[in-house]
Structure formats: structure tokens, C-alpha cells
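Engineer: turn this into a structure:
(one chain, ligands or ions: 1)
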Amino acid sequence: MIRTLEQFDAYVAAEKKIEPKDWMPDGYRKTLIRQISQHAHSEVVGMLPEGNWITRAPSLQRKAILLAKVQDEAGHGLYLYSAAETLGVERADLIDDLLSGKAKYSSIFNYPVLTWADIGAIGWLVDGAAIMNQVPLCRCSYGPYSRSMIRVCKEESFHQRQGYSIMVELMKGNEAQREMAQDALNRWWWPSLMMFGPSDKDSEHSSQNMTWKIKRFTNDELRQRMVDMTVPQAECIGLKMPDKDLKWNEETGHHDFGEINWDEFYNVLAGNGPCNKERLAVRNKAHHDGAWVREAAVAYAKKNQKIRA
Ligand code: BYC
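Structural biologist: From the prediction side, this is the model:
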């Protein structure tokens, strides 16, 4: 068991996992609680825009697939809240911070989902970005977080494929369907690149979190990987990336791409995105409406305890 800073540093350097009962620096605990709880909130809020489309999915098969995906996101939220709790915080407090607007969740879920093609674009791009970001987190130095990421990533991979498959179908369709797919890409491309966080020069936590092996790659490195992975996928089905500066760079072996609108990103983080208020209002209502379920569960647990006592 780790009891000192020296042992902690040696464990991290040796790629061994830090476990809940180990000694850890306050800053390490704090940044993990921050990141894991934001991640959990993102999964739960992420269910809202897609959940709205379950009744409107165009076939029984698509409905079943979307239903399964949204359920998976709920599961991800649960693993992540559990992982955060191993660091000594109460789930109820974390959820209160989400509901009051104090805690952040991913910027991407503050954009509207206007058409069925948006569900394709979300699976393809948003879950695609999630995989890019989360596969390295399977190697995060904190044991419970890294282990929860393994199952999450397997499920995200199915989510990404179902999204791309929607785009493929639409691009095989008529003119209106192809336009719908292109329009969804135009609206979701830049917000998906923003998911990776501020540029490296403005990222306040990256350097320390890389030293602690929580993060394995910087925000810009992962963003570049996302661009390089996605551009050929778009080309393959006849979609055009909405970026006039996008071009293959023979020298670097990567795509150059245009400047992200950081004002828009920070505006969304400040609570002023197109759907921030709506998402929090819906989440608050769901929490309020579900109070009886939580009360019933507590009453049932107490009753069982009494029977066993
Ligand atoms: N949105 O110093 P930085 C999903 C914040 S779930 C909002 O670079 P860090 C999915 C950042 O928190 C997607 N806030 O921070 C779910 C920090 O603020 P605080 C969620 C953002 O932690 C359902 C400040 O900006 N994934 O994919 O080193 C359906 C400075 O940033 C964002 C995760 O949470 C953003 N986009 O790096 C489908 C993955 N970006 O806390 C899909 C785990 C940055 O100081 N998280 N901020 O107030 C991470 O990997 C890292 O926390 C981040 C940011 C890469 C997001």
C-alpha cells in the first residue's frame, strides 16, 4: 500500500495503478474527482439529445439500436459516479453540483439535434471523439477510472459504428437525404473538435495530469488524431468537411485544419450555448420526478436491514 509521496511517484513512474486506499497527493485526488464527475455528468446529459429521437427513429431496428445506445450511456454514468465515489465524495453532492449548474459537462451536449442525420453525426463524430479521448484513459494511473474505461470504450466503439452506419445509409439515399447528412456534418464537425478541450497553450490541467499519467496525450494531439481518422471516413461516403483550410500535409503526415472558434467554446462553457438551459431544466425535472424511486429504494433497503437484524 502507498503511504508516502515517494512511493506514489514510484508507482506512477512504474505504470502501477493507484488504488482508493493508497495515499495520494490532494491535487491528484481533486483533479480526478473533477474529471471523473464531469465525465459522468457528460454521459448522463448526453442521453438527453439522443433520448428525444428514440420515438422518431425511422425503423424498428434503428429504434432498438438507439435505445440500447442511450441505455449504455446511463451505465457509463453509473460506473463513473462509482469510480468518483472511491475518492471519498458523495454521488448525491456531485449530482447536486450538476443540477445547480456549478459542475461542467461536455460542451457538445449543448447543441440542438435537429434531424435524424444528427443522430448519425453524433454517433460517428461525438462517440468517435469520445473513443479517441477515452482509449488512452484505459491506461490512466487511477485504477477504478482506468478499469471503468475499458468497458465504456467497447460500448463506444459500437456507438461510433451505429452512427457511421446511419450516415452511410443516408448517403446511399436520395438527394434530400444526402443533403441532410451533409448539413448534420456541417453543424457537428466543429463542436466535435471542441470536445477535446482548449488548445494546449490554454489547457490549465494538461501538464500536471500528464505527469500523473491521468492524461496520456494532450488535447491538441488527440484532436489531430480525430481529424486524421475522420477525414478519410467522410471522403469515403462522399461527404465534404466544412473546413476550407483542411488539407493533407505531406511533410507532417497529418491534415492541416482551420482555426477553432474558441469564443464559441468558452461561451458554451459559460452556460450560454444554444441548449445549456434546456438541458439543465430537463435534467432537473427528471431528478425531481424520480425522487419517489430513490425514496422507495432507501425505504426498501431499510426494511431489509431490519428483517436481517
Ligand atoms: N466541455 O485544462 P483543460 C461522451 C474544461 S462524454 C466542457 O484542458 P482537462 C459521450 C475542463 O474541464 C464526453 N468543459 O482540462 C457521452 C477545465 O475546466 P475546470 C466527456 C471542458 O481536464 C454520451 C477547463 O475546460 N468526456 O463522450 O485537462 C454520449 C480547462 O481544460 C471541455 C470526458 O469527460 C469540454 N469539451 O482536459 C456520447 C472525458 N474541455 O474543470 C458521448 C474525460 C475542457 O478546470 N475528460 N473543459 O473548471 C477529459 O479527458 C478531460 O477532462 C478533457 C479536458 C479533455 C475534457
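Engineer: neighbours of whatever residue of the stretch 1-150 of the chain ends up closest to the ligand, how many?
Structural biologist: Ranked by C-beta to the nearest ligand atom, the top residue of the stretch 1-150 of the chain for proximity to the ligand is Gly46, at 2.6 Å. For every residue, glycine as well, the C-beta is placed using N, CA and C. By the measure other C-beta atoms under 10 Å, the count of residues near Gly46 is 25.
Engineer: my read: it touches Asp72, true?
Structural biologist: No: the criterion here is C-beta atoms under 8 Å, and Gly46 misses it with Asp72 at 10.3 Å.
Engineer: that older thread, so what's the residue of the stretch 1-150 of the chain closest to the ligand up against?
Structural biologist: 73, 106, 108-109, 126 (C-beta atoms under 8 Å, 6 or more residues apart in numbering).
Engineer: right, and the pair among the residues you listed with maximum separation?
Structural biologist: Glu73 and Ile108 (12.7 Å; C-beta to C-beta).
Engineer: about what we covered before: looking at this, the residue of the stretch 1-150 of the chain closest to the ligand is in a helix?
Structural biologist: Yes: checked against DSSP: H, G, I helix; E, B strand; the rest coil, Gly46 lies within a helix.
Engineer: could you report the pLDDT at it?
Structural biologist: Gly46 carries a pLDDT value of 97.
Engineer: cool, and Glu90?
Structural biologist: In this model, Glu90 is scored at 97, pLDDT.
Engineer: and for it, the neighbour number?
Structural biologist: 11.
Engineer: ok, it - contacts?
Structural biologist: No contacts exist for Glu90 under C-beta under 8 Å, 6+ apart.
Engineer: show me where the stretch 51-200 of the chain has its helices.
Structural biologist: Along the stretch 51-200 of the chain, counting by DSSP state H, counting those that start in this stretch, helices occupy 60-85, 91-100, 116-121, 127-134, 143-171, 175-194.
Engineer: so which of those is the most packed in?
Structural biologist: Greatest average neighbour count among the helices of the stretch 51-200 of the chain goes to helix 116-121 (a mean of 25), per mean count of other C-beta atoms under 10 Å.
Engineer: close to the ligand: what parts of this protein are there?
Structural biologist: Within the chain, the residues that sit near the ligand (C-beta under 6 Å from any ligand atom) are 34-35, 38-39, 42-43, 46, 73, 104, 106-107, 126-127, 130, 133, 194-198, 203-206, 209, 215, 219, 269.
Engineer: please repeat the previous calculation with a cut-off of 5 Å.
Structural biologist: Neighbours of the ligand within the chain, by C-beta under 5 Å from any ligand atom: 34-35, 39, 42-43, 46, 73, 104, 106-107, 126, 130, 195, 197, 203-206.
Engineer: of the residues you listed, buried ones?
Structural biologist: For the residues of the chain next to the ligand, a burial check counting by 16 or more other C-beta atoms under 10 Å picks out 35, 39, 42-43, 46, 73, 106-107, 126, 130, 195, 197, 203, 205-206.
Engineer: for Ala181, state which of those residues is nearest.
Structural biologist: Using C-beta to C-beta, those come closest to Ala181 at Val126, 15.3 Å.
Engineer: Arg187 is in contact with the closest one, correct?
Structural biologist: No: the criterion here is C-beta under 8 Å, and Val126 misses it with Arg187 at 11.9 Å.
Engineer: distance between the ends of stretch 112-131?
Structural biologist: 22 Å (C-alpha to C-alpha, to the nearest Å).
Engineer: try stretch 285-294
Structural biologist: 14 Å.
Engineer: so what's Gln160 closest to, chain neighbours aside?
Structural biologist: Spatial nearest neighbour of Gln160, excluding adjacent residues (C-beta to C-beta, 6 or more residues apart in numbering): Asp127 at 4.4 Å.
Engineer: so can I have JSON lines of the helices of the stretch 51-200 of the chain showing distance to Glu295?
Structural biologist: Below are those laid out as JSON lines (distance: least, C-beta to C-beta, whole Å):
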{"stretch": "helix 60-85", "distance to Glu295": "19"}
{"stretch": "helix 91-100", "distance to Glu295": "13"}
{"stretch": "helix 116-121", "distance to Glu295": "34"}
{"stretch": "helix 127-134", "distance to Glu295": "33"}
{"stretch": "helix 143-171", "distance to Glu295": "28"}
{"stretch": "helix 175-194", "distance to Glu295": "38"}
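Engineer: quick one, which of the ones you listed gets closest to Lys16.
Structural biologist: helix 143-171 (9.1 Å).
Engineer: now do the closest one and helix 127-134, the angle between them.
Structural biologist: Here the directions of helix 143-171 and helix 127-134 differ by 160 degrees (axes from the mean of the first three to the mean of the last three C-alpha atoms, to 10 degrees).
Engineer: what's helix 143-171 packed up against?
Structural biologist: Helices and strands touching helix 143-171, as assessed by 3 or more C-beta pairs under 8 Å, 6 or more residues apart in numbering; DSSP states H and E, comprise helix 60-85, helix 116-121, helix 127-134, helix 175-194.
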